[in-house]
Structures are given as structure tokens and as C-alpha cells.
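In: got a predicted structure here, sequence first:
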Amino acid sequence: MSEARKTRVLILGGGCGGVAAAHALTASEARRAAFDVTLVSQGWRIGGKGASGRNQSDHDRIEEHGLHLFLGFYRKAFGILRDAYASLDGPADGVFASVAEAFTPQHEVTLWASPNDGGAGRWKHYTLRAPEWPGMPWDADPADLERAPARLASLLRVGARQADAPHLAEPLARDRLDPADARESESLMRWFLSELKDMDWGLGLHVLRDLMEIGGAVLRGYFADIAPHGWNAWHRIDHLDFRRWLISHGAREQAAWSEMIRVLYDLAFAYRGGDADDVNDADIAAGACLKLVLDLVAGYRHAPMWRMNGGMGDVVFTPLVKCIGRNGGEIRLFRRITRIEFDDGGVLRVHMQVQARPAGARYDPFIRVDGRDCWPSAPLWDQLEPDTPRGRFENPWDHSHVGTEMLERGRDFDHVILAIPPAASAELTEDLTARSPLWSDMLEHVGRFSVATHSVQLWVDRATGWLESDTVSGAYAPSLGTWADMTHLLTHESWPEGETRGCHYLVSVIELPCDLPPFTVGAPEVVAAADAQGCAVTDAWLHDNAWRMWPDLCSNTVFDPARVVSRHDHVNIAPSERYVRTPPGSIAHRLPPDWDGVPNMSLAGDWTITSINGGSAEAAMESGLTAADALARRHGVA
């Protein structure tokens with residue numbers, strides 16, 4: 001009796017969603033027996049928007065696409081990494097010994113009151129320390145979020161005591177905030193907000209007032225709009241903007257655009273067209289943002305944020321890729337998808353450019369830095385055929401390649417998992433757009449709202465003069481209003497002793513260049529031009545704003561560029577690098593990872609329907625898991 005043939009799964013795209021799907025389909029013996037998994041990705045490294053590289057010509061510095069922090073409620077992503085690290089042999093395999101060693105908890109966040117808000121005519125900062133909730137994020141479960149409203153009420157109770165308002169604290173001490181009795185809980189929070197407005201707030205208490213007012217409006221709105229329909233019925237308000245939803249539940253307009261709210265919009269790059277200067281361009285689906293707030297404030301474990309102790313490529317993708325390879329999965333690099341053909345049976349053919357071929361039997365993508373296997377910031381040219389064009393393989397307008405390849409259903413694959421975001425897949429899937437109104441609708445209402453981001457990394461020769469603890473800072477002056485001190489990474493790079501004393505990341509949304517050509521057109525210069533424009537934006541921002549954060553890098557309030565030892569400045573304009581926003585009304589047009597609109601295709605990425613419905617490693621990995629699990633169930637595999 002012949003052995004049953006495995007189902008051949010072709011995964012298109014090497015970001016968090018595609019890699020999570022590949023890992024999930026190869027993680028158990030039963031699934032390895034059922035599936036033959038191949039993942040194809042452009043360029044020399046895996047990671048998509050999360051890819052990082054080590055610059056071998058500049059002290060192995062880590063170069064990222066942005067500021068990547070894991071949040072303490074990333075239940076799926078942390079769980080995947082926990083299992084991956086546990087299956088490897090730490091330093092012997094060129095990775096951290098455990099997920100706990102790979103991440104550092106971050107409790108402090110610095111916020112900036114703007115001159116027209118609580119800053120009293122100038123930018124004014126303050127640092128908050130988040131509570132340490134029990135447990136670790138890699139052992140979390142969704143029940144943590146169910147507890148979040150009660151935890152938030154306990155924080156409001158503490159705030160009321162600090163405001164010397166025992167009449168506000170005492171009602172919150174009663175066990176009355178219960179989703180099962182949403183009407184009474186909503187009534188209590190309405191009274192709470194009314195009492196807040198009647199209090200006499202002295203100078204300097206704007207932060208406490210805004211925190212309590214926003215918390216009160218969040219809870220009132222939760223018990224009015226969500227809890228009566230189920231504790232997690234976030235979708236009921238996703239057609240509204242979060243800021244406007246807060247105002248409708250009792251928050252003043254000033255509080256609803258205070259630094260506590262601005263930092264959320266900055267975190268989600270929630271600005272139409274990439275314009276962060278105008279509040280009228282700020283929008284985000286209220287249900288998705290409400291869930292984010294509850295998770296960020298009271299749904300996490302241990303710490304709200306977690307810094308990586310290396311580049312995202314080193315910390316996240318190296319262990320996952322190693323696990324996929326050891327479990328029999330195949331990863332084909334240097335493959336750029338150019339077209340996907342569809343017929344009534346689903347995906348028929350996948351056309352690709354072969355960007356490069358290895359000179360030997362295989363291409364080893366890693367370099368060893370600080371005892372760990374890391375991804376380089378450029379191809380390892382000595383491993384490629386001598387006549388390989390020196391193309392920018394992640395630049396979609398650079399069409400350098402050495403050949404083409406076509407994969408066909410029945411011969412090369414049976415099932416496809418599409419893990420390429422809408423802005424990049426739109427021009428690849430014209431056949432599907434013509435066939436499927438749902439796909440066309442998703443591209444119009446989800447893909448069209450992707451925005452470019454701007455990432456800056458500075459290595460400096462001295463301490464900045466920032467007097468508080470290492471922090472993550474947000475809601476500062478646009479456009480580069482988000483900053484993180486990442487100096488802890490210097491020990492994982494190769495700088496001579498004393499040459500570099502600090503490493504700092506800045507990130508923001510940015511407007512796309514005008515008249516950007518479709519990526520089917522060969523125009524490799526557009527990326528360099530965008531990066532040059534980004535450098536000019538950075539220089540102007542540092543000149544005007546750096547002195548408030550980094551006085552010792554400035555002279556007479558003017559930033560001194562001589563203090564910069566090294567710099568990486570990149571504008572993410574490529575369609576696959578753009579951030580998929582979540583504006584009001586857009587979630588209804590997302591498609592699920594196990595979408596049945598194409599018989600032999602699933603979807604993976606943070607642009608699909610997930611429990612987060614927002615751009616993040618957590619959403620992408622959850623999506624990849626969902627796609628893999630649904631496919632396994634379809635084939636009767638646990």
C-alpha cells in the first residue's frame with residue numbers, strides 16, 4: 001500500500017505572518033507527516049517589516065525598519081517564541097538561551113504635554129511607571145483582558161486617593177464594576193466623571209486629571225457600548241473614531257487629545273496620508289483602540305513593553321527560521337513574486353523573479369555576532385554566483401534578477417498561504433480582483449490606507465543628559481515624536497570601547513513621496529530619494545527639538561551633529577514595508593486568515609481579521625497561526 005502524498009503548502013512572504021504559519025505547520029510530528037512546507041521571500045533575509053540586519057562594515061550595528069517593541073499582551077507571539085527557544089539549544093544553536101533572556105521588561109514611559117495643553121506654553125515631560133502585573137507574557141491567556149476593566153478601576157481608585165478625593169475612591173472600592181451588571185457600572189462611571197468635572201483642580205494636576213478622566217470615559221463607554229453585548233464585543237464601535245468616542249462618553253476635548261491619547265495614535269501610525277501634524281487627520285477604529293488601551297494599561301503580564309536584546313531579526317526570526325529548517329520546512333530566498341494567476345480552482349500559477357543563485361550547494365544567510373546567528377544588512381555576495389547583479393533586492397522598483405521561475409498547482413504546490421500585505425499584493429493579484437468583489441473591497445478599504453513610516457537610529461559619542469531612567473518616550477513634537485533609548489544594544493554590537501556611548505531610535509509616520517510609480521516600473525532611485533528626504537526631515541527635527549531631550553548633545557539648544565558616530569535613516573515607502581492602519585469602518589472589510597473565497601488559498605498578516613485588527617507582530621503571528629490551524633483541521637490533523 002503506497003504512502004499518502006503530503007499536501008504541498010507554498011507560503012508567499014517572509015514576514016511575521018508567513019513565518020508563523022510555516023512554524024505552525026512544521027511544529028508537530030503529525031503536521032510534518034501531513035504537509036510539505038515551502039516559504040518563498042524576496043532578498044537575502046526573512047522578516048518583512050520586522051527584518052533587521054547587521055552592518056558588517058560599521059561595527060555590526062543593528063539596522064531596523066523601525067522601533068520594534070513587544071507589548072506585554074502579545075500572547076500568541078510570545079508563546080510562539082517561548083516554544084521556539086525551548087526547542088533549540090541556546091548558544092550552541094546561535095540564539096538566546098530562552099525567551100526570557102531575549103527580552104528585557106520596560107515599565108517606564110515618558111509622555112510630553114504640548115505647549116497648548118498641560119505644558120503651559122512649552123513642551124513639558126513626565127515619566128510614568130506602569131504597575132507590575134503578575135506573571136509573564138509568554139504564559140498569558142485571553143482571560144487577562146477580561147480582568148482589565150476591574151484593574152483599571154483599581155488604578156482610578158489610586159488616582160482618586162492621590163487627588164485627595166475619598167468620595168471618588170470609595171465607590172470604586174466596591175465590587176460594582178461588573179460586566180454582568182453593565183447598566184449599574186456605566187451609571188457609576190457617569191457619576192464619577194461628573195464629580196471629576198466639579199472638582200477644584202490646582203496647577204500642576206492636569207496629568208492626574210486627564211488620566212482619571214480618560215480612564216473614567218473608557219470604563220463608562222465600555223459598560224455602555226461593549227459589555228451588554230459580551231465582554232469583548234469591540235466590533236460594535238469600530239465604525240467610530242476612538243477620540244470622538246471618548247468625548248461622547250464624557251471626556252473633554254482637551255483630555256481626548258492629551259498626550260495620553262496622542263501616544264496611542266502615534267503608536268498605531270493613525271494619521272491619514274501620513275500627516276501627523278493635523279489632529280483632523282488622526283483616526284483609528286474605536287473598538288480596536290479600546291481593546292488596545294485596556295490591554296496596555298491592565299491586560300498585560302509583568303510589564304507593558306518589552307525591549308529586544310538584539311535586532312528583531314536576531315531575536316524573533318533567527319530562532320523561528322532554525323526551527324522551520326530543522327522540522328523539514330524549506331525557505332527559498334531571493335524570490336520576488338511578480339504575478340499570481342487564478343482560475344476556478346484557486347491559485348493556478350505563481351510567477352517569480354530569481355534575484356540571485358548561490359555559488360555553492362546552498363546559501364547560509366547568517367553571520368555570527370556576539371555569539372549569535374544574525375542576519376546581515378546586505379547579501380553575502382561571496383556566497384552568490386560571481387555574475388549576480390548588485391541589486392537592491394528589497395527595493396521593489398529594482399528589478400535586478402538572474403532568471404525567472406513559475407510554480408504551478410498540482411505540480412509544485414497544492415495550497416497557498418498569501419502573506420504579502422495588500423499594498424504589495426494588489427498588483428500581483430489582478431486576476432483575483434476581477435473575480436472577487438470581496439478581495440477588491442478589501443484592497444480598497446484596507447490596503448489603500450497603508451502609510452509610510454520613517455525610522456532613524458543614532459549612535460552617539462556621549463550620554464544625552466537625559467536625567468531620568470532609560471525610557472520609551474512618546475507624544476513629543478511631530479514628526480519624530482517617538483523615541484526609545486536603546487543603548488543596551490551596544491554590548492551586542494562591535495564598537496571599540498569608549499567610541500560609542502549611546503544608541504537612540506526615533507520613529508514616525510511620514511507622507512509618501514508625490515507621484516510614486518507603481519512597483520512594476522523599474523525606478524530604483526525612488527527609495528534613495530525618499531531616504532534623502534527623510535534625512536532632511538531628521539536634521540530639521542533634531543535642530544529644533546533634540547535639546548529638550550538630549551541637552552548634552554546640543555550646544556546652546558542647537559543639536560551638534562558632530563556627536564553622531566553613526567546613523568541609519570530610512571523611509572519605508574515600499575508597499576510591503578508600509579504600515580496597515582485601522583481607520584474607522586475599515587475592519588468590516590478585512591478578510592479572515594481562513595477565508596474561503598479562493599479554494600486553495602489562505603491569508604496571513606496583520607491586515608487580516610484578528611483579535612487585534614491592527615499592525616503588529618502579534619496580529620501577524622496570530623493570523624499565521626489561524627491560517628495554519630484551519631488548514632490542519634481541514635486535513636484532519638491536530
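Out: Noted; the coordinates are in hand. Here the structure is a predicted model, which means the values were calculated and not measured.

In: which of the helices or strands spans Pro18?
Out: Just to correct that, residue 18 is Gly rather than Pro. In the assignment (DSSP states H and E), Gly18 maps to helix 16-26.

In: give the other helices and strands that that helix contacts.
Out: Packed against helix 16-26 by the contact rule (3 or more C-beta pairs under 8 Å, 6 or more residues apart in numbering; DSSP states H and E) you find strand 7-12, helix 29-34, strand 35-40, helix 75-87, helix 318-326, helix 617-634. Quick note: C-beta positions are derived from backbone N, CA and C, even for glycine.

In: in TSV, list these along with mean pLDDT.
Out: Output for these, formatted as TSV (pLDDT from 0 to 100):
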stretch	mean pLDDT
strand 7-12	98
helix 29-34	97
strand 35-40	98
helix 75-87	98
helix 318-326	98
helix 617-634	98
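
In: how about these, which one is nearest Ile284?
Out: Among those, helix 617-634 comes nearest to Ile284, with 14.1 Å by C-beta to C-beta.

In: how many residues are close by the closest residue to Gly273 other than its chain neighbours?
Out: Using C-beta to C-beta, 6 or more residues apart in numbering and skipping the chain neighbours, the partner closest in space to Gly273 is Glu511 (5.9 Å). Residues near Glu511, counting by other C-beta atoms under 10 Å, number 18.

In: go on, Asp89?
Out: 10.

In: below-threshold pLDDT in the chain: ranges please.
Out: 1-3, 118-120, 174-176, 202-204 (pLDDT under 70).

In: show me which helix runs longest in it.
Out: Taking DSSP state H as the criterion, the chain has its longest helix at helix 525-549.

In: now the helices and strands packed on helix 16-26 in CSV, with mean neighbour count and distance to Thr491?
Out: As requested, the helices and strands packed on helix 16-26 are exported to CSV (neighbours: other C-beta atoms under 10 Å; distance: least, C-beta to C-beta, whole Å):
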stretch, mean neighbour count, distance to Thr491
strand 7-12, 24, 35
helix 29-34, 15, 38
strand 35-40, 22, 32
helix 75-87, 21, 20
helix 318-326, 22, 18
helix 617-634, 24, 24
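
In: can you list the ones you listed in TSV and add distance to Cys289?
Out: Output for the helices and strands packed on helix 16-26, formatted as TSV (distance: least, C-beta to C-beta, whole Å):
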stretch	distance to Cys289
strand 7-12	31
helix 29-34	36
strand 35-40	32
helix 75-87	19
helix 318-326	29
helix 617-634	14
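
In: out of these, flag the one nearest Val507.
Out: Closest approach to Val507 among the helices and strands packed on helix 16-26 (C-beta to C-beta): helix 617-634, 14.9 Å.

In: which other helices and strands contact the closest one?
Out: On a contact count with 3+ C-beta pairs under 8 Å, 6+ apart, helix 617-634 meets helix 16-26, strand 70-71, helix 75-87, strand 415-418, strand 601-603.

In: 10 Å instead, please
Out: Helix 617-634 makes packing contacts with strand 7-12, helix 16-26, helix 29-34, strand 35-40, strand 70-71, helix 75-87, strand 415-418, strand 601-603 when contacts are defined by 3 or more C-beta pairs under 10 Å, 6 or more residues apart in numbering; DSSP states H and E.

In: on that earlier part again, quick one: contacts for the residue nearest to Gly273?
Out: 271, 273-277, 451-452, 454, 479, 533, 537, 571 (C-beta atoms under 10 Å, 6 or more residues apart in numbering).

In: what sits against Leu443?
Out: Per C-beta under 10 Å, 6+ apart, neighbours of Leu443: 422-423, 425-426, 429, 432-433, 436, 589.

In: which SSE is Met442 in?
Out: Assigned by DSSP H and E, Met442 falls within helix 437-445.

In: now whichever helix or strand comes after that helix against helix 525-549, angle please.
Out: Where DSSP H and E defines the elements, the next helix or strand beyond helix 437-445 is strand 450-460. Note on geometry: by axes from the mean of the first three to the mean of the last three C-alpha atoms, to 10 degrees, strand 450-460 and helix 525-549 are set 60 degrees apart in direction.

In: returning to that earlier point: mind putting the contacts of Glu511 into JSON lines with neighbour count?
Out: Shown next, in JSON lines, are the contacts of Glu511 (neighbours: other C-beta atoms under 10 Å):
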{"residue": "Tyr271", "neighbour count": "27"}
{"residue": "Gly273", "neighbour count": "13"}
{"residue": "Gly274", "neighbour count": "21"}
{"residue": "Asp275", "neighbour count": "16"}
{"residue": "Ala276", "neighbour count": "23"}
{"residue": "Asp277", "neighbour count": "11"}
{"residue": "Val451", "neighbour count": "23"}
{"residue": "Ala452", "neighbour count": "25"}
{"residue": "His454", "neighbour count": "27"}
{"residue": "Ser479", "neighbour count": "24"}
{"residue": "Gln533", "neighbour count": "16"}
{"residue": "Val537", "neighbour count": "19"}
{"residue": "Val571", "neighbour count": "25"}
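
In: which two in these are spaced the farthest apart?
Out: Tyr271 and Gln533 (17.6 Å).

In: once you drop chain neighbours, what's closest to Leu128?
Out: Excluding its sequence neighbours, the residue lying closest to Leu128 (C-beta to C-beta, 6+ apart) is Val109, at 5.6 Å.

In: now the host helix or strand of the one you found, how far from the centre of its chain.
Out: Under the criterion of DSSP H and E, Val109 resides in strand 108-113. Strand 108-113 sits 20 Å away from the centroid of its parent chain (C-alpha atoms, centre = their mean, to the nearest Å).

In: repeat that for stretch 490-509.
Out: Worked out by C-alpha atoms, centre = their mean, stretch 490-509 lies 22 Å from the chain centre.

In: repeat for stretch 444-457
Out: 12 Å.

In: compute the first-to-last residue distance for it.
Out: Start and end residues of stretch 444-457 are separated by 33 Å (C-alpha to C-alpha, to the nearest Å).

In: next: stretch 566-579.
Out: This stretch, stretch 566-579, spans 26 Å end to end (C-alpha to C-alpha).

In: what distance separates that stretch from the centre of its chain?
Out: Chain-centre distance of stretch 566-579: 14 Å, with C-alpha atoms, centre = their mean.

In: got the buried residues for that stretch?
Out: 566, 568-579 (16 or more other C-beta atoms under 10 Å).

In: CA atoms of the helix holding Gly18 as PDB?
Out: Extracted C-alpha coordinates of helix 16-26, given in PDB (Å, rounded to 0.1, in the frame of the first residue of the first chain):
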ATOM      1  CA  CYS A  16       5.700  37.600  10.800                       C
ATOM      2  CA  GLY A  17       2.500  36.100   9.300                       C
ATOM      3  CA  GLY A  18       4.200  33.800   6.800                       C
ATOM      4  CA  VAL A  19       6.900  32.600   9.200                       C
ATOM      5  CA  ALA A  20       4.300  31.900  12.000                       C
ATOM      6  CA  ALA A  21       2.300  29.800   9.500                       C
ATOM      7  CA  ALA A  22       5.400  27.900   8.400                       C
ATOM      8  CA  HIS A  23       6.400  27.300  12.000                       C
ATOM      9  CA  ALA A  24       2.900  26.100  13.000                       C
ATOM     10  CA  LEU A  25       2.700  23.700  10.000                       C
ATOM     11  CA  THR A  26       6.000  22.100  10.900                       C
END
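
In: residue contacts, Met312?
Out: Residues near Met312 by C-beta under 10 Å, 6+ apart: 16, 47, 49-52, 62, 64-70, 318, 375, 617.

In: what does Ala424 give?
Out: Ala424 makes contacts with 13, 42, 48, 337, 396, 447, 450, 519, 574-578, as judged by C-beta under 10 Å, 6+ apart.
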